[in-house]
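**Student:** Coordinates only, no sequence provided:
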């Protein structure tokens, strides 16, 4: 998906509901066929949740540091 | 029904797939899009960006577009709301998600983050994807 991303996103949002549902099912079916990416393959769900929690705190440290 | 999906649901649902419920959650929301109004914070988007490979982050953008997710910016959420949740013992980042959910008027936050589950005083219910799907299935069968 290249080109003008904000415009593409706006176009997706404007699609009729049934078409948006169809697009989403297509994306999820493709992801299911492709399976996990190498970056996340083998990680447990809990490991992923902990990884995201660390990212969350990092982002907030950055935000608060930028304000001080 | 207004919902906030935490970043872990998008990441697990779009990539890891070691537990099935986040993926089923996205599929359920796709099939029932007219019943739900989904919100996110800008930080949730950034968390997904930092943890998903680029190829999947592009899918994430498409998913939030087709689900018509409303993304709240930091300035949409008052500082005092975040402070309130920090005072209740949530870490800064989790407090910001709780504040976003309250500011959005969300009935539920769907998350696999245990720090939200069973916590009293939240303005919303914190549910795992599996719990949310069970509730929805029970509601459908009693309707």
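**Tutor:** Arrived safely. Quick caveat, the model's predicted, so the values are computed rather than measured.
**Student:** Regarding residue A:37, what is its secondary structure?
**Tutor:** Under DSSP: H, G, I helix; E, B strand; the rest coil, residue A:37 falls in the coil class.
**Student:** Oops, could you answer that again for residue A:40 instead?
**Tutor:** Residue A:40 - assigned by three-state DSSP - is coil.
**Student:** unless I'm mixing things up, it is touching residue B:14, no?
**Tutor:** No: taking contacts as CB atoms under 8 Å, residue A:40 lies outside contact range of residue B:14: 9.6 Å. No exception for glycine: its C-beta is placed from N, CA and C like everyone else's.
**Student:** ok, these two, which is more surrounded?
**Tutor:** residue B:14 (24 against 21; other CB atoms under 10 Å in any protein chain shown).
**Student:** Please enumerate residues in contact with whichever helix or strand residue B:56 is part of?
**Tutor:** Take DSSP states H and E as the rule and residue B:56 turns out to sit in helix B:54-66. Here helix B:54-66 makes contact (CB atoms under 8 Å, 6 or more residues apart in numbering or on different chains) with A:1, A:5, A:8-10, A:12-13, A:15, A:20-21, A:23-24, A:27, A:31, A:37, B:10, B:14-15, B:26, B:30, B:33, B:38, B:40, B:45, B:48-49, B:52, B:71.
**Student:** quick one: low-confidence parts of chain B?
**Tutor:** B:16-18, B:142-143 (pLDDT under 70).
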